[in-house]
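Asks: need the 3D shape of this:
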Amino acid sequence: MLKNLDDTLCPFCQSKNQCMAHVEKNCWCDTANVPKELLAIVPEETQNKVCICLSCIQLFKESPKDFIKKYTSFRE
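Replies: Numbers count the residues shown, from 1 in each chain. The predicted structure follows:
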């Protein structure tokens, strides 16, 4: 488990995820269409704790294989 988990950072690119779920009633992430294949590769320690940024969602949709290669190769 991550000791200092920052839920404002995307678990992949580490950029600000712009999630407003803790501040506003509705956030972009509430209605975002996140592919289940992308959710499946979220690091275990951040699953259901950190939002994926919109940029990473879009990058995954454009090229899942390239995204997986870029962001999961360090885990192997």
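Asks: find the residue at the geometric middle of the chain.
Replies: The residue lying closest to the centre of the chain (CA atoms, centre = their mean) is I52, at 2.0 Å.
Asks: now do the helices in this structure.
Replies: Secondary structure of the chain (DSSP state H): helices at 28-31, 36-39, 54-62, 64-72.
Asks: need those in TSV (columns: mean neighbour count).
Replies: No exception for glycine: its C-beta is placed from N, CA and C like everyone else's. Below are these laid out as TSV (neighbours: other CB atoms under 10 Å):
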stretch	mean neighbour count
helix 28-31	12
helix 36-39	12
helix 54-62	16
helix 64-72	14
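Asks: closest one to K16 among those helices?
Replies: Among the helices of the chain, helix 54-62 comes nearest to K16, with 10.1 Å by CB to CB.
Asks: the bottom helix or strand of this protein by mean pLDDT?
Replies: Lowest by mean pLDDT, DSSP states H and E among the helices and strands of the chain is helix 28-31, with a mean of 81.
Asks: still on that earlier bit, between the helices of the chain, which gets nearest to C19?
Replies: helix 28-31 (5.2 Å).
Asks: output that closest one as CSV, nothing but the C-alphas.
Replies: What follows is helix 28-31, C-alpha atoms only, in CSV (Å, rounded to 0.1, in the frame of the first residue of the first chain):
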residue,chain,number,x,y,z
TRP,A,28,-16.4,14.7,-15.2
CYS,A,29,-15.2,11.4,-13.9
ASP,A,30,-18.8,10.4,-12.9
THR,A,31,-19.9,10.2,-16.5
